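Asker: got a sequence here, can you build the structure:
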Amino acid sequence: MFEVFSHSIVGKARANNYVDIEVINIRDFSNNKHNRVDDYPFGGGAGMLMSVEPIYNSINYVKRNLDGKVIYLGPRGSTFNQNKARELSDNNHLIFLCGHYEGIDERSYKFIDEEISLGDFILTGGEMAAIPIIDSIVRLLSGVINQESLDNESFNNNLMDFPQYTRPREFMGMSVPNVLLSGNHKEIDKWRREESLKITQKYKGYLLKDR
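Answerer: The predicted model follows:
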């Protein structure tokens with residue numbers, strides 16, 4: 001599943017030693033002879049729970065080599081956004097615990113520093129949430145992406161990106177705005193700022209309340 005980290009921006013960041021990503025198989029830390037990491041919940045109920053022992057053992061193993069913030073990807077957590085990506089990108093080490101089944105034994109929270117969610121919907125496993133979160137963090141690391149590109153992206157300064165166009169100048173009666181062809185960079189910057197505000201107001205108005 002994590003083969004995606006060998007490609008594109010994250011793959012290049014790894015190749016250039018801007019980031020190191022290691023995947024730990026929690027089954028390797030099971031005390032069960034069949035390497036099971038789940039069990040039935042006390043009190044009954046549907047589904048299985050991840051056991052506290054392999055969670056503790058795996059976190060303890062990683063922390064022997066590095067002192068990283070432990071983040072559990074689960075439904076109770078605050079919803080991930082660009083501000084959180086920037087905050088996490090300042091950490092030297094991060095440890096992501098990916099949940100499965102019906103969740104984790106409640107005692108596991110003693111070993112977790114923060115819980116993060118992608119939103120109010122169900123995923124098969126936390127790995128699927130970890131991929132976009134890690135991607136968004138890595139691209140903010142110094143040297144990974146040109147700073148000017150980062151400055152102009154959506155959600156920078158709580159604004160959506162402005163409309164962008166490339167060739168041809170006209171397609172099926174739809175033309176590129178004249179201001180973008182004018183060569184007047186002051187007017188272009190003004191237009192982009194105004195359009196960025198309009199788009200943010202239309203699609204993500206709540207972002208403007210935080211400005």
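Asker: ranges for the strands of this structure?
Answerer: Along the chain, counting by DSSP state E, strands occupy 38-39, 49-50, 69-79, 94-98, 114-117, 170-171, 174-175.
Asker: which strands and helices sit next to the fourth one?
Answerer: Which is strand 94-98. helix 52-65, strand 69-79, helix 127-138 (3 or more C-beta pairs under 8 Å, 6 or more residues apart in numbering; DSSP states H and E). Quick note: C-beta positions are derived from backbone N, CA and C, even for glycine.
Asker: mean confidence score for that strand?
Answerer: For strand 94-98, mean pLDDT is 98.
Asker: distance between that strand and the chain's centre?
Answerer: Computed by C-alpha atoms, centre = their mean, to the nearest Å, the separation of strand 94-98 from the middle of its chain amounts to 12 Å.
Asker: give me the residues contacting that strand.
Answerer: Residues external to strand 94-98 that are found in contact with it (C-beta atoms under 8 Å, 6 or more residues apart in numbering): 55, 58-59, 62-63, 68-73, 88, 104, 108, 112, 125-127, 129-130, 133-134, 137.
Asker: ok, back up a step: export the helices and strands packed on strand 94-98 to TSV and tack on mean neighbour count, distance to E194 and mean pLDDT?
Answerer: Output for the helices and strands packed on strand 94-98, formatted as TSV (neighbours: other C-beta atoms under 10 Å; distance: least, C-beta to C-beta, whole Å; pLDDT from 0 to 100):
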stretch	mean neighbour count	distance to E194	mean pLDDT
helix 52-65	16	48	97
strand 69-79	16	29	96
helix 127-138	18	27	98
